[in-house]
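Novice: sequence-free structure coming up:
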């Protein structure tokens, strides 16, 4: 490949919106979840897992983790774009990060849904 | 009137003579008429003519004498000497290659500026007199057209430091929005296509160093936000 500066990938807007949307979702969920957790009669395994037996909490907690991993992906990719210059290394790091985050998402689902 | 004396600490580098840059201390006696930092630099150069810096209009219009003063990018001609703690530390604009002393190579900066096509694109036949705008439409260009391309903003932007070859930078993006906002321009789609890129536009993380340093009090971050708004409204 000739050594020229190439730009014009024509993406970025979706990630920019997603980063803000996921951040907003996480803030709202964190506040509501904290309120629900603090409102428990006592902090024990039973009440805690009881909270997660509620279908709505499960639904939004799972979305929270998906939002977290998508948000993390955009942020981490930004760091790679700024600081990792060799394209091969950057691509390898992208793949490792995607594999890790997808794995974490599966793991989070398993933990949430077995409660 | 007693004469004032100031202490300066100046970045010096002459690639023909010096192996590497160094800081040189100066003590300078000012005349009562010396008000701005540029006055002091001109006086200093009359004593040490090996010193190099750019300057032209000396009134904040040409943008030639941008430099890093006590850690902040500013125009020497608009900076009051008395407002600066001493010693006044002068360095070239950060992030650009140094040619000599306070003179930097602005090629990369202007390349980015040219990449956004900083001119009106309108293929319609020119009217007999001029292309008209309503006063409201003209209002939108205020705070955009006043940029003097001094590079204070782009060279204070970490995103521009890391990717000067790919990120357009605050000055270029402010100019890009100046033409996107111009109702006489017809290349809106092409301009947005040209910027919709993870590097060219989306390296901006709204750090707002650009707003902090702009000697003309312009707001590139707001202009960049409006470009993103335009992209959202055409995509959603």
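Specialist: Everything's here; your move. All of these numbers come straight from a predicted model, not from anything done at the bench.

Novice: show me what the helix or strand that contains residue A:50 is packed up against.
Specialist: Assigned by DSSP states H and E, residue A:50 belongs to helix A:45-53. Taking 3 or more C-beta pairs under 8 Å, 6 or more residues apart in numbering or on different chains; DSSP states H and E as contact, the helices and strands that helix A:45-53 lies on are helix A:13-38, helix A:55-83. Where you see a C-beta, it was placed from the backbone N, CA and C, and this is true even at glycine.

Novice: around chain A, pick out the residues from chain B.
Specialist: Residues of chain B found near chain A (C-beta under 8 Å from any C-beta of the partner chain) are B:158-159, B:162-163, B:165-166, B:193-194, B:196-203, B:205, B:228, B:231-232, B:235.

Novice: which of those count as buried?
Specialist: When these are checked for burial by 16 or more other C-beta atoms under 10 Å in any protein chain shown, the buried set is B:159, B:163, B:166, B:194, B:196-203, B:228, B:231.

Novice: let me have those in JSON lines, extended by pLDDT and distance to residue B:57.
Specialist: Listed next are these as JSON lines, based on pLDDT from 0 to 100; distance: C-beta to C-beta, whole Å:
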{"residue": "B:159", "pLDDT": "96", "distance to residue B:57": "30"}
{"residue": "B:163", "pLDDT": "94", "distance to residue B:57": "31"}
{"residue": "B:166", "pLDDT": "94", "distance to residue B:57": "32"}
{"residue": "B:194", "pLDDT": "95", "distance to residue B:57": "32"}
{"residue": "B:196", "pLDDT": "94", "distance to residue B:57": "37"}
{"residue": "B:197", "pLDDT": "94", "distance to residue B:57": "35"}
{"residue": "B:198", "pLDDT": "93", "distance to residue B:57": "38"}
{"residue": "B:199", "pLDDT": "94", "distance to residue B:57": "34"}
{"residue": "B:200", "pLDDT": "95", "distance to residue B:57": "31"}
{"residue": "B:201", "pLDDT": "96", "distance to residue B:57": "32"}
{"residue": "B:202", "pLDDT": "95", "distance to residue B:57": "35"}
{"residue": "B:203", "pLDDT": "95", "distance to residue B:57": "32"}
{"residue": "B:228", "pLDDT": "96", "distance to residue B:57": "34"}
{"residue": "B:231", "pLDDT": "95", "distance to residue B:57": "37"}
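
Novice: so what's residue B:118 closest to, chain neighbours aside?
Specialist: Using C-beta to C-beta, 6 or more residues apart in numbering or on different chains and skipping the chain neighbours, the partner closest in space to residue B:118 is residue B:175 (4.8 Å).

Novice: kindly report the same for residue B:119.
Specialist: Closest to residue B:119 by C-beta to C-beta, 6+ apart is residue B:179, at 7.6 Å.

Novice: identify the residues contacting the one you found.
Specialist: Going by C-beta atoms under 8 Å, 6 or more residues apart in numbering or on different chains, residue B:179 touches B:116, B:117, B:118, B:119, B:120, B:121, B:185, B:187, B:191.

Novice: pLDDT score for the first one?
Specialist: When you say that, I think you mean residue B:116. Residue B:116 is assigned 96 on the pLDDT scale.

Novice: okay, buried residues for whatever helix or strand residue B:193 lives in please.
Specialist: If you go by DSSP H and E, residue B:193 is part of helix B:188-195. Within helix B:188-195, the residues that count as buried by 16+ other C-beta under 10 Å are B:188, B:191, B:192, B:194, B:195.

Novice: quick one: name whatever helix or strand follows that helix.
Specialist: Sequence-wise, the next helix or strand downstream of helix B:188-195 (DSSP H and E) is helix B:209-213.

Novice: which neighbouring elements make contact with the following helix or strand past that next one?
Specialist: Sequence order places helix B:220-235 as the next helix or strand after helix B:209-213, per DSSP H and E. The helices and strands touching helix B:220-235, judged by 3+ C-beta pairs under 8 Å, 6+ apart, are helix A:13-38, helix B:169-180, helix B:188-195, helix B:209-213.

Novice: buried residues in stretch B:204-212?
Specialist: B:204, B:208, B:209, B:210, B:211.

Novice: which one among these gets closest to chain A?
Specialist: Chain A has its nearest neighbour among these in residue B:204, at 9.6 Å by C-beta to the nearest C-beta.

Novice: that older thread, pick the most deeply packed of the helices and strands packed on helix A:45-53.
Specialist: Highest mean neighbour count among those (mean count of other C-beta atoms under 10 Å in any protein chain shown): helix A:55-83, with a mean of 16.

Novice: now that one: average pLDDT?
Specialist: Averaged over helix A:55-83, pLDDT sits at 95.
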